[in-house]
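Asker: next input, structure requested:
(one chain, ligands or ions: 2)
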Amino acid sequence: MIIKQKVSDLMNAQIKSEFAASAQYIAIAIYFEEAALPELAQFFYRQSEEERMHAMKFIHFMLEAGAKPLIPGLPEFKNEFTSPAEAVQFALDQEMKVTDEINNLVTTAVAENDHTSNQFLQWFVTEQVEEVDTMTTLLQTIRHANGNMLLVEDFVLRNPQHAVAADGGAT
Ligand SMILES: [Fe+2]
Ligand SMILES: [Fe+2]
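Answerer: Ligands and ions are numbered 1, 2, ... in the order given. Now for the predicted structure:
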């Protein structure tokens, strides 16, 4: 295979992380469905799709590079949230964790002289800036709304660029 074993192992860990993020975002979408906040639910369903696509990106790259992708078992997920702010903060923390993982992957790829993987990973470096920004903005909007979640619903509806940028950036 053209990529280094260490990098391949970390990519398999990342596949798990991306599928886990995808499932976790469905759990958050369900929380918003139950709270009768359908725009926020849709927002998280879209995020979930995007995370699945991130996992698939790693799978396709590894196959192309002659590495063996492994489909992981998934961890336990958080299904209960006490407030919209808590749910979105949880999502933001998850994005920060993924950003660390991607940075660690890049560091390892460079240390291993694996520039094939390094170049592939640069897309994810850029993508994480957008992911963290989107979630940070949503959290700030929830704080501004000061309990009136219908204002946040309106914000999500009026800001399709978040969804479009997310989808567009992901393809
Ligand atoms: Fe992701
Ligand atoms: Fe993400």
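Asker: of all the residues in the protein, which ones are close to ligand 1?
Answerer: For the chain, the residues in contact with ligand 1 (Cβ under 5 Å from the ion) are E18, E51, H54. Where C-beta positions appear, they are placed from N, C-alpha and C, glycine not excepted.
Asker: and the residues you listed, which is closest to ligand 1?
Answerer: Ranking the residues of the chain next to ligand 1 by separation from ligand 1, with Cβ to the ion as the measure, puts H54 on top at 3.7 Å.
Asker: element containing the closest one?
Answerer: Assigned by DSSP states H and E, H54 belongs to helix 38-64.
Asker: residues near F124, how many?
Answerer: Other residues within reach of F124 by the criterion other Cβ atoms under 10 Å amount to 21.
Asker: do the same with N146
Answerer: Residues near N146, counting by other Cβ under 10 Å, number 7.
Asker: spatially central residue in the chain, please.
Answerer: In the chain, the centroid-proximal residue (Cα atoms, centre = their mean) is E51; its distance is 4.8 Å.
Asker: what's the neighbour count on the residue nearest to that residue when sequence neighbours are not counted?
Answerer: Distances taken as Cβ to Cβ, 6 or more residues apart in numbering put S22 closest to E51, at 3.7 Å, once the chain neighbours are dropped. S22 has 19 neighbours, counted by other Cβ under 10 Å.
Asker: now render the residues of the chain next to ligand 1 as a markdown table, adding distance to F124 and pLDDT.
Answerer: Putting these into a markdown table (distance: Cβ to Cβ, whole Å; pLDDT from 0 to 100) gives the following:
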| residue | distance to F124 | pLDDT |
| --- | --- | --- |
| E18 | 10 | 98 |
| E51 | 12 | 98 |
| H54 | 7 | 98 |
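Asker: put together TSV for the residues you listed, with distance to E130 on each row.
Answerer: Shown next, in TSV, are those (distance: Cβ to Cβ, whole Å):
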residue	distance to E130
E18	15
E51	13
H54	12
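Asker: of those, which is the nearest to Y31?
Answerer: Compare each of these with Y31 using Cβ to Cβ and the shortest gap goes to E51, at 16.6 Å.
Asker: isn't that closest one right next to A21, touching?
Answerer: Yes: with contact defined as Cβ atoms under 8 Å, E51 counts as touching A21 (4.2 Å).
Asker: counting contacts, what elements does the helix or strand V132 falls within pack onto?
Answerer: V132 belongs to helix 115-145 when assigned by DSSP H and E. Helix 115-145 makes packing contacts with helix 38-64, helix 84-111, helix 149-158, helix 160-170 when contacts are defined by 3 or more Cβ pairs under 8 Å, 6 or more residues apart in numbering; DSSP states H and E.
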